[in-house]
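Student: Could you work out the structure for the sequence below:
(chains A and B)
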Amino acid sequence: GAVVSQHPSWVICKSGTSVKIECRSLDFQATTMFWYRQFPKQSLMLMATSNEGSKATYEQGVEKDKFLINHASLTLSTLTVTSAHPEDSSFYICSARDRTGGLSRSYGYTFGSGTRLTVV
Amino acid sequence: AQKVTQAQTEISVVEKEDVTLDCVYETRDTTYYLFWYKQPPSGELVFLIRRNSFDEQNEISGRYSWNFQKSTSSFNFTITASQVVDSAVYFCALSEAGFGNEKLTFGTGTRLTIIP
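Tutor: From the prediction side, this is the model:
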């Protein structure tokens, strides 16, 4: 079945440093990758959409210079939180769609397992 | 603009009871998809179901069932004979305009606690 591997699952970093989160599609080509953020006990909010080989599209209010997204290949997308601050502490989760627009296993979007970022 | 409302923030039921999670959506599109996801404490999102706007048939999968009613813009989820393992946050979500590059809009989630 379709699997998206997300790493790391959790990370603690110092304020001012950068953190990179990776999402890999293991058995399909992810032409589109979505990045979501979830604050504690809140819903998932879309941050940006990235299509392989092109620039990411950011949702309103999301700083593109702070949250750098790279989707250079059909199997890998990365989110880099630059100069992280405590308010960036959150749960970040990616989801992927394949070229055909649907994944036979789930008929939906396949999500990574998420990354819990804590900035101290 | 699309919107998903899950009015129930938290629900607690005793094991083996039935429980229904409500979901109401808003969209201007005639073609859209509705989803339910389960988020256990570990955080990952587990896909439960996808429904397209042209298929109003109710669906049953084991102890899970879904009631889609376009007339009331609702897509409710029922768990029968609940079990402790059902404890999680459940999200309803909406995707507009078919299966392209469209984003998912999530509801605020319902935290379900099954009491042993």
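
Student: Give me the phi and psi for B:Thr80.
Tutor: Phi and psi for B:Thr80, reported as degrees, to the nearest 10, are phi -100, psi 150.

Student: Return the distance of it relative to B:Asp18.
Tutor: Using Cβ to Cβ, to the nearest Å, B:Thr80 is found at 5 Å from B:Asp18. Backbone N, C-alpha and C define where each C-beta goes, glycine included.

Student: what's the overlap in contacts for these two?
Tutor: Residues touching both B:Thr80 and B:Asp18 (Cβ atoms under 8 Å, 6 or more residues apart in numbering or on different chains): there are none.

Student: quick one: what helix or strand has the nearest residue to B:Asn52 once chain neighbours are set aside in it?
Tutor: Ranked by Cβ to Cβ, 6 or more residues apart in numbering or on different chains and with sequence neighbours excluded, the top spatial neighbour of B:Asn52 is B:Tyr33, at 5.4 Å. Counting by DSSP states H and E, the element that carries B:Tyr33 is strand B:32-39.

Student: Name the residues of the helix or strand just after that strand that come out as buried.
Tutor: Toward the C-terminus, strand B:32-39 is succeeded by strand B:46-52 as the next helix or strand (DSSP H and E). Within strand B:46-52, the residues that qualify as buried are B:Phe47, B:Leu48, B:Ile49, B:Arg50, B:Arg51, counting by 16 or more other Cβ atoms under 10 Å in any protein chain shown.

Student: Equivalent analysis for stretch A:36-47, please.
Tutor: Under the neighbour-count criterion of 16+ other Cβ under 10 Å, stretch A:36-47 has A:Tyr36, A:Arg37, A:Gln38, A:Ser43, A:Leu44, A:Leu46, A:Met47 buried.

Student: gap between it and the chain center?
Tutor: Relative to its chain's centre, stretch A:36-47 lies at 12 Å (Cα atoms, centre = their mean, to the nearest Å).

Student: CA atoms of it as PDB?
Tutor: The C-alpha coordinates for stretch A:36-47 follow below in PDB (Å, rounded to 0.1, in the frame of the first residue of the first chain):
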ATOM      1  CA  TYR A  36       0.100  20.800   7.500                       C
ATOM      2  CA  ARG A  37       0.700  22.200  11.000                       C
ATOM      3  CA  GLN A  38      -1.300  21.200  14.000                       C
ATOM      4  CA  PHE A  39      -1.100  23.100  17.300                       C
ATOM      5  CA  PRO A  40      -2.000  21.200  20.500                       C
ATOM      6  CA  LYS A  41      -5.600  20.200  20.600                       C
ATOM      7  CA  GLN A  42      -6.300  22.000  17.400                       C
ATOM      8  CA  SER A  43      -7.100  21.000  13.900                       C
ATOM      9  CA  LEU A  44      -4.700  20.600  11.000                       C
ATOM     10  CA  MET A  45      -4.100  23.700   9.000                       C
ATOM     11  CA  LEU A  46      -2.600  23.600   5.500                       C
ATOM     12  CA  MET A  47       0.700  25.500   5.300                       C
END
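
Student: can it be found next to chain B?
Tutor: Yes: counting by Cβ under 8 Å from any Cβ of the partner chain, chain B has neighbours in stretch A:36-47: A:Lys41, A:Gln42, A:Ser43, A:Leu44, A:Met45, A:Leu46.

Student: List the neighbouring strands of the helix or strand of chain A with the lowest mean pLDDT plus their orientation.
Tutor: The weakest-scoring helix or strand in chain A, judged by mean pLDDT, DSSP states H and E, is strand A:110-111 (a mean of 86). Partner strands and pairing direction for strand A:110-111 (DSSP bridges) are strand A:90-98 (antiparallel).
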